[in-house]
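A.B. asks: dropping a prediction and its sequence here:
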Amino acid sequence: MNQQNILFTNNTAQALDTAINNIRPNGIFVLTDKNTAVDVWPQVKAESMLMSEATLITINPGDTNKDLKSATLIWENLINGGATRHSAMICLGGGMITDIGGFTASTFKRGIKFINMPTTLLSAVDAAVGGKTGINFNGLKNEIGVFSPASHVIISTRFFNTLQKRELLSGYAEMLKHGLINSAATFHKLINSDPLEIDAEHMLELLKASVEIKRRIVTDDPYEQGIRRALNLGHTAGHALESLAMKKSKPVPHGYAVAWGCIIELILSHTHCGFPTNTLRNAAQYIFSHYGTPDINCSDYQDLLEFMHHDKKNISSECINFTMLSNIGRINIDRTATESEIKTALDIFRDLAGT
């Protein structure tokens, strides 16, 4: 899998035009959601020299719409717009758009090139980078997808100015995860900063460092056969919490679920790998003070376990696979826990959260 060209710039129009000229597509299609089509797309189109003839495709916003119905709509728009194997798609939006956009581009006519332009912090640090694409299916997160990197990723803090508090915190959770798998210095720099008070320049500095952690891991293991599984820290439990919230029709932001999932998996890390108690408590205090607590109780445990069993990393029906840490930056991939151990971890999690 080719390494992505990741561009950090506030001159997004110039970067986009340069990327398009490098691809030289026969037809440009811009995928976005209906909110971004109103709030961001007109500005991007006005500033770019090459976007005036682009065909706009819009879908409904929200992760619940990252599904086969929306994918079908995108494919139909590509066909009706005369797209060929030499066309290109610009994925302009948050993680939902870069996920489904990358998936539909990669499967249309066996693959057309696409460019990711994340408009949220979460997408910039996570979904837009690394080549994972996909859609939700039958109530399961990212159940259908392919590994396929964007030809270019254009990252700018200029799109973050209008993000709501929850959106900023959601993206910052993935940065915290990167800090946990990288080094104590990186993690402490993040928890000593308030994501809601960081100025654009400092945020770009933290963002570059975070993306570089992910890019380094993805370059070493593009298809998640080994160390890339470190990036799944917090996601086995987090996706289960996210799926449970969707089942209850009370969706939570992806980053919030990952933040809570990190604490659950650090509890398992403490039990299985000796992760330090003080570090766990410090991480939990930061997470609960910024992200609150999920709406779960003992009666939800079986649903959570069933969602975890559906996780793509599992290789056994008996145990559930996790990424664990013996300390910050000391990664243990492919560790397993039993249902009983996970229930105990959920009990401790709720005790720490005071719920």
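C.D. replies: On my side now, so go ahead.

A.B. asks: skip ahead from the helix or strand containing residue 169 and say which helix or strand is next.
C.D. replies: Element membership of residue 169 [criterion: DSSP states H and E] is helix 165-182. Downstream of helix 165-182, the next assigned helix or strand under DSSP H and E is helix 184-191.

A.B. asks: mind listing the strands for the stretch 51-200 of the chain?
C.D. replies: For the stretch 51-200 of the chain, the strands defined by DSSP state E, counting those that start in this stretch occupy 55-59, 88-93, 113-118, 132-137, 140-147, 152-155.

A.B. asks: and residue 271, which of those is closest to it?
C.D. replies: Smallest distance to residue 271 across the strands of the stretch 51-200 of the chain (CB to CB): 25.4 Å, for strand 140-147. C-beta here means a position set from N, CA and C on the backbone, and glycine is covered the same way.

A.B. asks: just to revisit the earlier point, and the helix holding residue 169, what does it pack against?
C.D. replies: Applying 3 or more CB pairs under 8 Å, 6 or more residues apart in numbering; DSSP states H and E, one finds that helix 165-182 contacts helix 121-122, helix 184-191, helix 200-220, helix 254-273, helix 277-291, strand 320-327.

A.B. asks: ranking these by burial, who's on top?
C.D. replies: helix 121-122 (a mean of 28; mean count of other CB atoms under 10 Å).

A.B. asks: residue 88 and residue 22 touch, don't they?
C.D. replies: No. Counting by CB atoms under 8 Å, residue 88 does not reach residue 22; the two are 10.2 Å apart.

A.B. asks: shared neighbours of these two, which are they?
C.D. replies: residue 151 (CB atoms under 8 Å, 6 or more residues apart in numbering).

A.B. asks: the two: who's more crowded?
C.D. replies: More crowded of residue 88 and residue 22, by other CB atoms under 10 Å: residue 88, with 23 against 13.

A.B. asks: check contacts around the more buried one.
C.D. replies: Residues in contact with residue 88, defined by CB under 8 Å, 6+ apart, are 20, 23, 25, 27, 28, 29, 112, 113, 114, 115, 151.

A.B. asks: likewise residue 134?
C.D. replies: 99, 100, 103, 142, 143, 144, 145, 146.

A.B. asks: do that again at 10 Å, thanks
C.D. replies: Applying CB atoms under 10 Å, 6 or more residues apart in numbering, one finds that residue 134 lies in contact with 66, 71, 99-100, 102-103, 106, 127, 141-148, 312.

A.B. asks: check residue 216 too.
C.D. replies: Residue 216 makes contact with 182, 227, according to CB under 10 Å, 6+ apart.

A.B. asks: and it, how far from residue 63?
C.D. replies: Separation of residue 216 from residue 63 (CB to CB, to the nearest Å) stands at 28 Å.

A.B. asks: coming back round to it: which of the contacts of residue 134 are buried?
C.D. replies: Among the contacts of residue 134, those classed as buried by 16 or more other CB atoms under 10 Å are 66, 71, 99-100, 102-103, 106, 127, 141-142, 144-145, 147-148.

A.B. asks: list just the nearest of these to residue 12.
C.D. replies: The shortest approach to residue 12 among the buried ones among the contacts of residue 134 belongs to residue 127, at 17.7 Å (CB to CB).

A.B. asks: which one of the helices and strands packed on helix 165-182 has the lowest average pLDDT?
C.D. replies: When the helices and strands packed on helix 165-182 are compared by mean pLDDT, helix 200-220 comes last with a mean of 91.

A.B. asks: got the angle for that helix vs strand 132-137?
C.D. replies: Helix 200-220 and strand 132-137 meet at an angle of 90 degrees, taking axes from the mean of the first three to the mean of the last three CA atoms, to 10 degrees as the criterion.

A.B. asks: got the buried residues for the helix holding residue 169?
C.D. replies: 167-182.

A.B. asks: pLDDT weak spots in the stretch 1-150 of the chain?
C.D. replies: The model of the stretch 1-150 of the chain has pLDDT under 70 over residues 1-4.

A.B. asks: just the helices from it, written as ranges.
C.D. replies: In the stretch 1-150 of the chain, the helices defined using DSSP state H, counting those that start in this stretch lie at 12-23, 34-39, 41-47, 68-80, 95-107, 121-122.

A.B. asks: sorry, back to before: and of the buried ones among the contacts of residue 134, the nearest to residue 83?
C.D. replies: For the buried ones among the contacts of residue 134, the closest approach to residue 83 (CB to CB) belongs to residue 106, at 13.3 Å.

A.B. asks: pretty sure that closest one is in contact with residue 113, am I right?
C.D. replies: Yes. Contact criterion CB atoms under 10 Å: residue 106 and residue 113 qualify, at 9.4 Å.

A.B. asks: what sits in contact with each of these two?
C.D. replies: Common contact partners of residue 106 and residue 113 (CB under 10 Å, 6+ apart): 89, 148, 150.
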